[in-house]
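K.L.:
with the input below, show me the fold.
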Amino acid sequence: MPESRIVYLVGFMGSGKTTVGRRLASRLQWKFIDLDRLIEERTSMTIAAIFREHGEARFREIESEALKTIQGGSGTVVATGGGAPCRGDNMDHMLKEGLAIYLKLSPAGLSSRLENARDERPLIKGLKGDELTAFIAEKLREREKWYARAQVTADGLSPDTELLAGVVRDYFV
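P.N.:
The predicted structure follows:
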């Protein structure tokens, strides 16, 4: 069992990591960190601006660095970015340092959630309808091997925060 108490929520963009993370942290009375917000605070740039000015590769480097600075202390729930588990040793780091929970949704479910947030998300900017769903399906196929390594998989459509809190408590006992 890891020495630190960190829960990492992983899954595709739009899977509910931030929403579930806030609820789970509140239920556990733990700290909540949204990795994207942490990056924005540290760089004084939005995620979209980092992508635009420095590209995805540089963003992923910054994301990996930020991920590895998070400490568990008295308990922390981290909402990771959708691509965070898929770079370098990030997923290995999460599995070693804490408990990873995969919030799983279908491409159609994700597309429905992301349809109105396309302008805020650099990877799907300008995509809509079937094109958006096809992009999500392809990216999910690429990323599933990392997401599936999480110790717990939860239904992202209607995650039971109380059940997840119990799983977390049991894991860190």
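K.L.:
for the chain, give me the ranges with low pLDDT.
P.N.:
The chain contains residues with pLDDT under 70 at 1-3, 116-122.
K.L.:
all helices for it, in order.
P.N.:
Along the chain, the stretches classed as helices by DSSP state H are 17-28, 35-43, 47-67, 90-97, 107-114, 129-147, 161-171.
K.L.:
among those, which is nearest Tyr8?
P.N.:
Closest approach to Tyr8 among the helices of the chain is made by helix 90-97 (4.3 Å; CB to CB). No exception for glycine: its C-beta is placed from N, CA and C like everyone else's.
K.L.:
output the contacting helices and strands for that closest one.
P.N.:
Counting by 3 or more CB pairs under 8 Å, 6 or more residues apart in numbering; DSSP states H and E, the packing neighbours recorded for helix 90-97 are strand 6-10, helix 47-67.
K.L.:
just name the most buried of these.
P.N.:
Comparing the helices and strands packed on helix 90-97 by mean neighbour count (mean count of other CB atoms under 10 Å), strand 6-10 ranks first with a mean of 28.
K.L.:
re the thing from before, can you add distance to Gly73 and give the helices of the chain back as TSV?
P.N.:
Below are those laid out as TSV (distance: least, CB to CB, whole Å):
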stretch	distance to Gly73
helix 17-28	13
helix 35-43	15
helix 47-67	16
helix 90-97	12
helix 107-114	32
helix 129-147	26
helix 161-171	15
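K.L.:
tell me which of the ones you listed lies nearest to Gly75.
P.N.:
Comparing the helices of the chain against Gly75 with CB to CB, the closest turns out to be helix 17-28 (6.0 Å).
K.L.:
coming back round to it: any chance of the helices and strands packed on helix 90-97 in TSV, plus distance to Gly81?
P.N.:
Shown next, in TSV, are the helices and strands packed on helix 90-97 (distance: least, CB to CB, whole Å):
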stretch	distance to Gly81
strand 6-10	9
helix 47-67	6
